[in-house]
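K.L.:
sequence? don't have it. structure:
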């Protein structure tokens, strides 16, 4: 099979293991060849055909210079209107290198050194090292975990806002739990933000990756003053596997255009032209590919549930409402705060260590199921086999 065509086959099954091991990305080069990697948020897919064609054409014409936003803001605005019913002003959207870089630059503008930034934990690990680097304090506001999975704890959020927070870094859909916030929850967040004067910065990078039973509601689309003052960071990178090409967008709410305009124009120059080209095509011409991907991910999500129930019934797993990331509760296995270390050492499978996602991540690990069903099964099998007679006392 070619590297760019999937035909009727799921893009998740397009490559064999030997082909994937030829990749030079972090997922496939971080660990030795005998380790099966299911950690970082990269997918084992080919590029969507229109993206591959656009990049090949750019190479053919030697189009490898500095990036400008071009038609990317308009392409995203049209995509957001179709997919989410969110109507944005393309002229106010800014190009940034990636979502985390955009978050940092926006927080430079809307907060001051020493300010308290609330994040829901477990949380995307770069939050924990980037915010202190720019002199901001991370305030962990844990999600609640019940029989039906994770939920937003509005009482805890109000407590943390009232304690003097300046901003709230909202990850929606949530990484690593895959939680999709309801419109009612987001409206409650907006009311709290208004009451306590907290600015909302929304990381919505996983928004295109929502399963059929849930609906993504962009925070900036709400009819609330906190939404109008919010700034959203988004990208095609997760949904179309473009992270290495470096392009994302900062989208201001209706009343946040002046704040976003205060971000230095030179920030946009660090984006990659290939990222801009690929992202514009993704948002314009690659929704059919995305739908095909989501069908494969839906099947893998259920497959992982069934495999864990059969081979590792003590592992807690709530199928995510979005993303291709499974947040596994491994505490019952008795493997300590970092069970990923056990599975790497004893099973040859690389998960993402849960403790890196904040205090509530101890005893958890993140599993990336954006790969073939066979590799999902292999990973679970390795995990189960690693516990055969050699594990610490379980329970």
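P.N.:
Received, thanks. These numbers come from a predicted model, not from an experiment.
K.L.:
From now on I want contacts and neighbour counts done on CA atoms only, so please keep to that.
P.N.:
Noted.
K.L.:
Can you give the contact residues for the helix or strand where residue 193 lies?
P.N.:
Per DSSP states H and E, residue 193 falls inside helix 183-196. For helix 183-196, contacts defined as Cα atoms under 8 Å, 6 or more residues apart in numbering pick out 152, 154, 158, 161-162, 198-200, 217, 219, 222, 224-227.
K.L.:
One more pass at 10 Å, please.
P.N.:
Defining contact as Cα atoms under 10 Å, 6 or more residues apart in numbering, one finds that helix 183-196 is touched by 151-155, 157-168, 170, 172, 181-182, 197-200, 215-220, 222-230.
K.L.:
Those residues, buried ones only, as a ChimeraX selection?
P.N.:
Buried members of these, defined by 16 or more other Cα atoms under 10 Å, are picked up in ChimeraX with:
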select :151,152,154,157,158,160,161,162,165,166,167,168,170,172,181,197,198,199,200,215,216,217,218,219,220,222,224,225,226,227,228,229,230
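K.L.:
So which of the contacts of helix 183-196 belong to helices?
P.N.:
Cross-referencing those against helices under DSSP state H gives 154-155, 157-162, 225-228.
K.L.:
So which bits of the top helix by length along the chain are buried?
P.N.:
Scanning the chain for the longest helix, with DSSP H as the assignment, gives helix 287-311. Using 16+ other Cα under 10 Å as the test for burial, helix 287-311 gives 287, 289-290, 292-298, 300-301, 303-305, 307-308.
K.L.:
One more: stretch 9-23?
P.N.:
Residues 10-15, 21 are the ones in stretch 9-23 that count as buried (16+ other Cα under 10 Å).
K.L.:
Excluding residues flanking it in the chain, which one is nearest residue 73?
P.N.:
Spatial nearest neighbour of residue 73, excluding adjacent residues (Cα to Cα, 6 or more residues apart in numbering): residue 90 at 5.0 Å.
K.L.:
What is the burial count for that neighbour?
P.N.:
Neighbours of residue 90 under the rule other Cα atoms under 10 Å: 17.
K.L.:
And it, how close does it get to residue 69?
P.N.:
11 Å (Cα to Cα, to the nearest Å).
K.L.:
so where is the protein shaky, pLDDT-wise?
P.N.:
The model of the chain has pLDDT under 70 over residues 1-8, 389-395.
K.L.:
can you rerun that using 80?
P.N.:
Applying pLDDT under 80 to the chain flags the ranges 1-9, 389-395.
K.L.:
Please parse it into its domains.
P.N.:
With domains defined by automatic domain parsing, the chain comprises 11-47+287-386, 72-285.
K.L.:
What residues of whichever strand or helix holds residue 52 count as buried?
P.N.:
Following DSSP H and E, the helix or strand that holds residue 52 is helix 49-60. Residues of helix 49-60 classed as buried by neighbour count (16+ other Cα under 10 Å): 49-52, 54-55.
K.L.:
and the angle from it to helix 287-311?
P.N.:
Going by axes from the mean of the first three to the mean of the last three Cα atoms, to 10 degrees, helix 49-60 is angled at 120 degrees with respect to helix 287-311.
K.L.:
ok, residues contacting helix 49-60?
P.N.:
3-6, 46-47, 62-64, 240, 242, 273-275, 277-282, 284-286, 289.
K.L.:
chain center to it, what's the gap?
P.N.:
Between the centre of helix 49-60 and the centre of its chain there are 25 Å (Cα atoms, centre = their mean, to the nearest Å).
K.L.:
what's the helix or strand just after it packed up against?
P.N.:
Next along the chain after helix 49-60, taking DSSP H and E as the criterion, comes helix 72-84. Counting contacts by 3 or more Cα pairs under 10 Å, 6 or more residues apart in numbering; DSSP states H and E, helix 72-84 packs against strand 94-96, strand 248-252, helix 273-285.
K.L.:
Export these as a markdown table, with columns for distance to residue 376 and mean neighbour count.
P.N.:
Output for those, formatted as a markdown table (distance: least, Cα to Cα, whole Å; neighbours: other Cα atoms under 10 Å):
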| stretch | distance to residue 376 | mean neighbour count |
| --- | --- | --- |
| strand 94-96 | 34 | 26 |
| strand 248-252 | 29 | 28 |
| helix 273-285 | 26 | 24 |
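K.L.:
between these, which gets nearest to residue 122?
P.N.:
Closest of the helices and strands packed on helix 72-84 to residue 122 is strand 248-252, at 23.5 Å (criterion: Cα to Cα).
K.L.:
how far does the closest one sit from the chain's center?
P.N.:
15 Å.
K.L.:
ditto for stretch 309-320
P.N.:
Distance, centroid of stretch 309-320 to centroid of chain: 22 Å (Cα atoms, centre = their mean).
K.L.:
Next: stretch 47-64.
P.N.:
On Cα atoms, centre = their mean, the centre of stretch 47-64 falls 25 Å from the chain's centre.
K.L.:
Would you mind giving the secondary structure of the most centrally placed residue in the chain?
P.N.:
In the chain, the centroid-proximal residue (Cα atoms, centre = their mean) is residue 206; its distance is 4.7 Å. Of the three states, residue 206 takes coil according to DSSP: H, G, I helix; E, B strand; the rest coil.
K.L.:
quick one: it from residue 188, how far?
P.N.:
Using Cα to Cα, residue 206 is found at 21 Å from residue 188.
K.L.:
Equivalent analysis for residue 356, please.
P.N.:
In terms of Cα to Cα, residue 356 sits 29 Å off from residue 188.
K.L.:
For the two, indicate the residue with more neighbours.
P.N.:
residue 356 (19 against 14).
K.L.:
Disregarding residues adjacent in the polypeptide, which is nearest to the more buried one?
P.N.:
Computed as Cα to Cα, 6+ apart, the closest residue to residue 356 that is not its neighbour in sequence is residue 125, at 5.7 Å.
K.L.:
residues near the one you found, how many?
P.N.:
By other Cα under 10 Å, the residues close to residue 125 number 17.
K.L.:
just residue 203 next, same as before
P.N.:
Residues contacting residue 203 under the criterion other Cα under 10 Å number 26.
K.L.:
Quick check: it touching residue 171?
P.N.:
Yes: at 4.7 Å, residue 203 and residue 171 qualify as touching, with contact defined as Cα atoms under 10 Å.
K.L.:
so what's the residue nearest to residue 73 up against?
P.N.:
Contacts of residue 90 by Cα under 10 Å, 6+ apart are 71-78, 251-252.
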